[in-house]
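A.B. asks: how would this look folded up:
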Amino acid sequence: MVDAMQERYRLLVLLATFTSLRLGELAALRRQDLDLDDGWVRVVHGQVELSTGQLIIKGPKSEAGRRRVGIPSELLPALRWHISKFAEPGPSGRVFVGPYGGYLRRQNFRRIWVRALSKADVAPVHFHDLRHTGNTLAASSGANLRELMERMGHASSRAALIYLHAANDRDRAIADSMNVHLAGALRLPSDRAEEA
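C.D. replies: Alright, predicted model coming up:
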């Protein structure tokens, strides 16, 4: 999917997946919100598009939405490259802009997204599903409830519990995959095999 995206939007897809940020949070992201040395993104704004087409940059809905999220270190070189090639200059420069320097708009990006899905031969999914994938990956990596809530920017544990349950369900698959290693170890001695 990433390879099918236009080059200027590949990091948008990767950050949405591996930091679980929303499209509006990514669209409002400024260079000064990124710590590329230690691998952090500060979420302090979101872009909202009204039905009239007007764009508003505002703070998160709740205090929990104002947060700092770790960026996987493997992603930092690609993020540095993206910034050098596509971001606006200066500390307050937007990280993601359109090809002519315009704001990232939901409808315009949706067309690019749908085209990339088709090109990659991926079933139709919403961009927001990348956030779900990221949260599931975080839970599978061992994040606890509080860590998931902070990463997601939620004050309530309800949504985070969904991802923890998904990670717990995954334990069944992990246990079953170990059967291959048990095959030889579970052979019963010949005298006990007759009793069984």
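
A.B. asks: where does the protein dip in pLDDT?
C.D. replies: 64, 154-178, 180-196 (pLDDT under 70).

A.B. asks: distance check, residue 95 against residue 45.
C.D. replies: Residue 95 is 12 Å from residue 45, where distance means Cβ to Cβ, to the nearest Å. Backbone N, C-alpha and C define where each C-beta goes, glycine included.

A.B. asks: joint contacts of the two?
C.D. replies: Residues touching both residue 95 and residue 45 (Cβ atoms under 8 Å, 6 or more residues apart in numbering) are 29-30, 33.

A.B. asks: relative to residue 35, how far out is the one residue sitting closest to the centre of the chain?
C.D. replies: Centroid-nearest residue in the chain: residue 17, 2.1 Å away (criterion: Cα atoms, centre = their mean). To residue 35, residue 17 is 19 Å away according to Cβ to Cβ.

A.B. asks: repeat that for residue 72.
C.D. replies: In terms of Cβ to Cβ, residue 72 sits 14 Å off from residue 35.

A.B. asks: ranges for the strands of this structure?
C.D. replies: Applying DSSP state E to the chain gives strands spanning 34-35, 40-43, 46-49, 55-58, 67-70.

A.B. asks: quick one: which of those is nearest residue 107?
C.D. replies: Across the strands of the chain, residue 107 has its closest neighbour in strand 46-49 (8.0 Å, Cβ to Cβ).

A.B. asks: what residues sit buried inside the closest one?
C.D. replies: 46-47, 49 (16 or more other Cβ atoms under 10 Å).

A.B. asks: that strand pairs with which strands?
C.D. replies: strand 55-58 (antiparallel) (DSSP bridges).

A.B. asks: got a list of contacts for the strand it pairs with?
C.D. replies: Contacts of strand 55-58 (Cβ under 8 Å, 6+ apart): 28, 45-50, 103, 105.

A.B. asks: buried residues of that strand, list them for me.
C.D. replies: Of the residues in strand 55-58, those buried (16+ other Cβ under 10 Å) are residue 55.

A.B. asks: please save the CA atoms from it in PDB.
C.D. replies: Provided in PDB are the C-alpha atoms of strand 55-58 (Å, rounded to 0.1, in the frame of the first residue of the first chain):
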ATOM      1  CA  LEU A  55     -10.500  24.600   7.400                       C
ATOM      2  CA  ILE A  56     -10.000  25.200  11.100                       C
ATOM      3  CA  ILE A  57      -6.900  24.400  13.100                       C
ATOM      4  CA  LYS A  58      -7.800  23.900  16.700                       C
END
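
A.B. asks: what ranges do the helices span in the protein?
C.D. replies: 10-19, 23-27, 76-86, 106-119, 129-140, 145-152, 158-177, 179-182, 190-195 (DSSP state H).

A.B. asks: related to what we said a few turns ago, so what's the nearest residue to the residue nearest to the centre of the chain once chain neighbours are set aside up against?
C.D. replies: Once flanking residues are discounted, residue 17 sits nearest to residue 130: 4.5 Å by Cβ to Cβ, 6 or more residues apart in numbering. Residues in contact with residue 130, defined by Cβ under 8 Å, 6+ apart, are 13, 16-17.
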